[in-house]
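Undergrad: sequence-free structure coming up:
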Ligand SMILES: Cc1cc2nc3c(=O)[nH]c(=O)nc-3n(C[C@H](O)[C@H](O)[C@H](O)COP(=O)(O)O)c2cc1C
């Protein structure tokens with residue numbers, strides 16, 4: 001079963017999530033929606049996800065989903081977001097079409113991570129968020145790798 005992982009990222013957390021998924025799913029490949037138009041030909045399953053900014057995932061990712069919705073609902077699919085808010089489900093519901101959410105094998109929040117050097121124009125925001133965490137002696141945010149691997153596991157059955 002060929003699985004495609006399509007992601008959108010600004011800060012790198014979703015890219016890292018996609019890479020962990022790919023490492024743990026047999027016969028999988030990755031597509032960065034900002035760099036390529038993913039080819040769905042020959043794809044048996046798909047995982048779609050991205051980082052949340054002001055409650056929204058990337059525009060290109062939404063567009064890709066909208067354009068391919070009829071095909072996407074017919075194959076095994078999972079959705080994920082990377083966000084700071086523990087209530088990730090509200091972002092899944094508000095950013096992905098209901099039909100896709102309701103038929104998904106899983107819909108997950110993978111947490112978030114600050115990778116300031118990857119954040120480009122958002123670098124200063126990520127940097128100051130990180131300082132706030134350090135000042136308040138809070139644990140540095142990190143992706144929940146167990147959740148990512150649990151999703152990957154679902155795509156290895158069959
Ligand atoms: C400018 C900015 C806006 C953000 N807005 C939200 C938000 O509305 N809700 C939330 O839960 N997290 C928010 N976050 C945290 C990001 O979702 C988090 O850093 C996530 O890892 C981003 O994914 P990415 O690294 O793949 O781009 C925001 C972060 C930044 C820098």
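TA: On my side now, so go ahead. The shown structure was predicted, so the numbers you read here are calculated from the model rather than taken from an experiment.
Undergrad: so who does whichever residue of the chain sits closest to the ligand touch?
TA: The chain approaches the ligand most closely through residue 51 (2.1 Å), counting by C-beta to the nearest ligand atom. For glycine as for every other residue, the C-beta is placed from the backbone atoms N, C-alpha and C. Contacts for residue 51 were tallied using C-beta atoms under 8 Å, 6 or more residues apart in numbering; they are 8, 9, 10, 11, 13, 14, 57, 58, 81, 82, 83, 112.
Undergrad: Could you give the bridge partners of it?
TA: As for beta bridges, residue 51 partners with residue 82 under DSSP bridges.
Undergrad: related to what we said a few turns ago, among the contacts of residue 51, which one lies nearest to residue 99?
TA: residue 57 (16.8 Å; C-beta to C-beta).
Undergrad: Run through the residues that contact the residue lying closest to that closest one once chain neighbours are set aside.
TA: Sequence neighbours aside, residue 50 is the residue nearest to residue 57 in space, at 4.2 Å (criterion: C-beta to C-beta, 6 or more residues apart in numbering). Residue 50 makes contacts with 7, 8, 9, 14, 33, 57, 58, 61, 81, 82, as judged by C-beta under 8 Å, 6+ apart.
Undergrad: Flag every buried residue along the worst-scoring helix or strand of the chain on mean pLDDT.
TA: Ranked by mean pLDDT, DSSP states H and E, the helix or strand of the chain with the weakest confidence is helix 123-135, at a mean of 74. For helix 123-135, burial by neighbour count (16 or more other C-beta atoms under 10 Å) applies to 126, 129.
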